[in-house]
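Q: how would this look folded up:
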Amino acid sequence: MGSANVRSQAIQAIAAAKHTLNRVNFKEIHLKDLFGDNVFNVEVQRQRLPKNVFKALQKTIRQGATLDPAIADNVATAMKDWAMEKGATHFTHLFQPMTGLTAEKHDSFLVPTADGKAITEFSGKELVRGEPDASSFPSGGIRATFEARGYTAWDPTSPAFIHEGPNGATLVIPTAFLSWTGEALDKKTPLLRSMEVLSTQALRVLRLFGNTEAHKVFTTVGPEQEYFLIDKNFYYARPDLINAGRTLFGARPPKGQELEDQYFGSIPERVLACMAEVEAELFKLAVPVKTRHNEVAPSQYEIAPIFEDSNLATDHQMLTMEMLRRIADKYGLACLLHEKPFAGINGSGKHNNWSMSTDTGENLLNPGDTPHDNAQFLVFCVAVIRAVARYPELLRVSVSGAANDHRLGANEAPPAIISIFLGDQLQDVMDQLEQGSPKSTKQGGFMEIGVSVLPKLPRDPGDRNRTSPFAFTGNKFEFRAVGASQSIAGPNTVLNTIVAESLDYVATYLEKAVASGKDLHKAIQDLLPGILKESKKVIFNGDNYSEEWHKEAERRGLPNLRNTVDALPVILRKDSIDLFTKYKVYSERELQSRYTILCEHYVKTVNIEGQLTAMMARTMILPAALRYQGEVAATVNATKAAGVDNSAQSELLKSLTSTITAFQAATATLEKALHHHAAGDVFAHAKYARDSILIAMNEVRGLGDKLEMIVADDLWPLPTYREMLFIK
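A: Numbers count the residues shown, from 1 in each chain. Here you go, the predicted structure:
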């Protein structure tokens, strides 16, 4: 069967498909009853655990107290009984290795007895610790192939939950993942460390303001997830989407997003049904998803949750991505989480809305109605500004990756230059603060719409800036540079650590000043203006896409790490090592391992895409182009024999032939680049992948896309953008 027939059959299959859309009935179960139904949450713990065990566990979860091993057996027994009532037959330790995905190994509750029967058991030891193979996950040299031992450690701050499968259920226990030698091999452990460090430093500041009630400060996150949904018949006909997550070929369609008719548009029925089931399953797992809508690009959508503490939000974000992929398949759809699955239209990010809150519920980045006289808010806000100004390169490297390189700086994403947007109100307050003591706060007032039946709408005191990488949006900062497929653990680990360093700096100064007899507010007025003068170079409230800003940023001395390879060396710089080791978020060995892992991942990603590009060029695009060339040549010869003017057909043949020749030459260059091995360390290989393989791939793609616009449609083997993005 010809590949063009596969493409046409995909379209026919989509047209003829009948999908069951009414899979969730919200009339039968109320949302509030569904929420958390499959979670071993506080209420379930209260009902099933002895009172002293429940209190001890809650003290660990809420205040970070050391977990008493003596309670583990009680918790494990209660957890097992609850899970088996939910249909569970197995348990698993869920962890987040350096693949950026989740991993799990399932064990049965069943234990054979001497009389040939069986009982079910789940001990505290099994709850607290598991032992997966550490050498089979990326370790950056921490674990060699013959050194296999690694451990998973129960994270009681993230509740266990039930995963419902087609045949039985599984008790899922969120865990950290450690090497036998003690180093973190995952993304969760450094995140938890960074949260503790920030809490310690933030509490020092709060104590200066007389707050003795708060015992812990949490960083909170609400990550907005963008994604594409296309029919899986198209997905299966695209080797690049299956193996690379993005299209390596594809000419821009006649209609893309230029009419601006996709954003917040009507959601297609099949997509809406899929979204509803995703939300229902996430509600069961207590994931507080709140918003769904069409995004800017055709076939692009977004799901966004309410804020949670960073650790839980990270776990829930991983569940959200997994649920999107799993449920989409039930509706004949493929979920694409790559940052740039389609060239020329919006890619997908994961906007990381970040703030700090106490265990008593106070948002430390809430300015109130009069931020100019809210000294506590100003201290915390200025500390964040200082952190971003001092460590912009660390924030940049936290979102690096071959996939996100295709997105950063494009029309929907912030540039690689890290800057802060404050908005009119806060900028005015900071300007006053820099000059001394702020005296007033701009107010938004009300908008006069001019229609009597419409209410007066309160106007926010500042606009938003969707081009800024790091924007203040009312009571939080939105880190917009995180990629759609990335775990939010890494960016939040960096953000927590650099802000903790700033709070440490502020607290140390203020504590010394107060100890010497100075009034706290006078000490604040002495400290903050100097910080702002040093940090204001990173503040920019204009258009981050403009060429003028790039020139201005260079004049200000802001770093512009345009791609992953430029960014990776930052990890091993002395100031980076000093920062992370001082606060024990990463050891030097852990930093070295992550540098190696990220370099290797970049090389492997580009190499896979290069191999795919060459394979598709040779076996799919070139044969189609040659067949069409044969048809055109036959037509030219036939018209010549008939004695009619065939100059137009001859020009077509010449253009087609020259493009095919260039395409073959570019493919040969790519293959040569793929077979060449760069000399040097892993970073040298990453530089070679960027400077040779990626450039050669882009040349092949450009010519392949040109052929798509020339070759007869019935011969073209790949589903096109105009089909994948618009046939639903």
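
Q: Just give the closest residue to Gln201, not the sequence neighbours.
A: Leu503 (3.8 Å; Cβ to Cβ, 6 or more residues apart in numbering). Any C-beta I mention is one placed from the backbone N, CA and C, and that applies to glycine too.

Q: what's the spacing between whichever strand or helix holds that neighbour and its chain's center?
A: Using DSSP states H and E, Leu503 sits in helix 489-515. Here helix 489-515 is found 25 Å from its chain centre; the criterion is Cα atoms, centre = their mean, to the nearest Å.

Q: and it, what other elements does it pack with?
A: If you count contacts as 3 or more Cβ pairs under 8 Å, 6 or more residues apart in numbering; DSSP states H and E, helix 489-515 packs onto helix 188-208, strand 217-231, helix 310-330, strand 350-358, helix 375-390, helix 392-398, helix 520-535, helix 574-582.

Q: change it to 6 Å
A: Packed against helix 489-515, as judged by 3 or more Cβ pairs under 6 Å, 6 or more residues apart in numbering; DSSP states H and E, are the following elements: helix 188-208, helix 375-390, helix 392-398, helix 520-535.

Q: Those helices: which one's closest to Ser658?
A: The minimum distance between Ser658 and the helices and strands packed on helix 489-515 falls on helix 392-398, with 41.5 Å, by Cβ to Cβ.

Q: so what's the residue located most distally from the centre of the chain scoring on pLDDT?
A: Summary for the chain: using Cα atoms, centre = their mean, the residue whose C-alpha lies farthest from the chain's mean C-alpha position is Gly643, with a distance of 63.1 Å. pLDDT, the model's per-residue confidence, is 91 for Gly643.

Q: That one should be in a helix, yeah?
A: No - Gly643 sits outside any helix when classified using DSSP: H, G, I helix; E, B strand; the rest coil, being coil.

Q: before we move on, could you check phi and psi at it?
A: Backbone torsions for Gly643, taken as degrees, to the nearest 10, come to phi 80, psi 30.

Q: before we move on, back to that, and the residue nearest to Gln201, how close does it get to Val39?
A: Using Cβ to Cβ, to the nearest Å, Leu503 is found at 32 Å from Val39.

Q: Lys232 too?
A: Per Cβ to Cβ, Lys232 is found 30 Å from Val39.

Q: could you point out where the protein is predicted with low confidence?
A: For the chain, residues meeting the criterion pLDDT under 70 lie at 1-4, 144-147, 372-373, 409-413, 438-465.

Q: Tell me the secondary structure of the residue nearest the centre of it, please.
A: Against the mean C-alpha coordinate of the chain, by Cα atoms, centre = their mean, the closest residue is Gln486 at 3.5 Å. Secondary structure assignment for Gln486 (three-state DSSP): coil.

Q: ok so, going back, the residue farthest from the centre of the chain and Ala712, how far apart?
A: Taking Cβ to Cβ as the criterion, Gly643 is separated from Ala712 by 25 Å.

Q: Repeat that for Val570.
A: Between Val570 and Ala712 the distance is 50 Å, computed by Cβ to Cβ.

Q: just Ala244 next, same as before
A: Distance, Ala244 to Ala712, by Cβ to Cβ: 27 Å.

Q: Of the two, which one has the most company?
A: Neighbours per residue, other Cβ atoms under 10 Å: of Ala244 and Ala712, the larger number sits with Ala244, 21 against 12.

Q: ok, Leu503 and Val39, which is more surrounded?
A: Regarding Leu503 and Val39, a neighbour count based on other Cβ under 10 Å identifies Leu503 as having more, with 29 against 18.

Q: wait, isn't the more buried one in contact with Val382?
A: No - applying Cβ atoms under 6 Å, one finds Leu503 not in contact with Val382, separated by 10.3 Å.

Q: bridging residues for Arg292?
A: Listed beta-bridge partners, Arg292: Ile303 (assigned using DSSP bridges).

Q: Ok, Ile420 next?
A: For Ile420, the beta-bridge partners are Phe470, Ile539 (DSSP bridges).

Q: so what's it up against?
A: The contact partners of Ile420, taken as Cβ atoms under 6 Å, 6 or more residues apart in numbering, are 388, 470, 538-539.

Q: what does stretch 711-725 rub up against?
A: Judged by Cβ under 6 Å, 6+ apart, the contacts made with stretch 711-725 from elsewhere in the structure are 3-4, 7, 230, 234, 237, 250, 253, 298-299, 620, 624-625, 627-628.

Q: How about stretch 154-164?
A: Taking contacts as Cβ under 6 Å, 6+ apart, the residues outside stretch 154-164 that touch it are 38-41, 60-61, 79, 86, 127-128, 169-170, 172-176, 285, 311-312, 315.

Q: Flag every buried residue along it.
A: Of all the residues in stretch 154-164, those buried under the rule 16 or more other Cβ atoms under 10 Å are 154-163.

Q: Ends of it, what's the gap?
A: Stretch 154-164 has its terminal residues 21 Å apart, counting by Cα to Cα, to the nearest Å.
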